[in-house]
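Q: Just the structure for this:
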Amino acid sequence: MNTLKINGIYRHFKGDYYLLVDTARHSETGETYAVYRKLYGDCGLWIRPLEMFLEEVDHQKYPDVKQKYRFQLQEIKSVRD
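A: Numbering: from 1, shown residues only. Here you go, the predicted model:
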């Protein structure tokens with residue numbers, strides 16, 4: 001199972017990095033969304049259904065991708081440790 005960590009840095013399976021800011025619920029449907037910020041370009045804020053954020057990569061559609069999850073939590077160590 002994929003890990004959900006608020007303020008965690010995630011790598012998208014296509015290579016870019018994102019900060020998971022929080023989760024939010026849709027006021028009409030109750031569906032939970034991931035709220036995340038791009039860590040490149042304009043650093044825009046985005047949302048997508050949490051289920052989709054945490055799902056596995058479709059390896060039939062993307063057979064060359066080695067990463068298991070669409071967005072995968074990264075363990076980034078401090079340069080001071």
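Q: Note down every partner strand of the longest strand along the chain and its orientation.
A: Taking DSSP state E as the criterion, the chain has its longest strand at strand 17-25. Here strand 17-25 is paired, per DSSP bridges, with strand 9-12 (antiparallel), strand 32-38 (antiparallel).
Q: Run through who's touching that strand.
A: Contacting residues not belonging to strand 17-25 are listed as 4-12, 31-40, 45-47, 50, 53, 71, 74 [CB atoms under 8 Å, 6 or more residues apart in numbering]. The C-beta positions use only the backbone N, C-alpha and C, and glycine is treated the same way.
Q: pLDDT at Asp81, what is it?
A: According to the prediction, Asp81 has pLDDT 71.
Q: With Glu55 instead?
A: At Glu55, pLDDT is 97.
Q: Was I right to think it contacts Arg70?
A: Yes. If you go by CB atoms under 8 Å, Glu55 and Arg70 touch, sitting 5.4 Å apart.
Q: The two: which is more packed in?
A: Arg70 (21 against 13; other CB atoms under 10 Å).
Q: which residues touch that one?
A: His12, Phe13, Met52, Phe53, Leu54, Glu55, Glu56, Val57.
Q: Ok, His26 next?
A: Contacts of His26 by CB under 8 Å, 6+ apart are Thr32, Tyr33.
Q: so how far is Pro49 from it?
A: 9 Å (CB to CB, to the nearest Å).
Q: where do the contact lists of the two overlap?
A: By CB under 8 Å, 6+ apart, the residues touching both His26 and Pro49 are Thr32, Tyr33.
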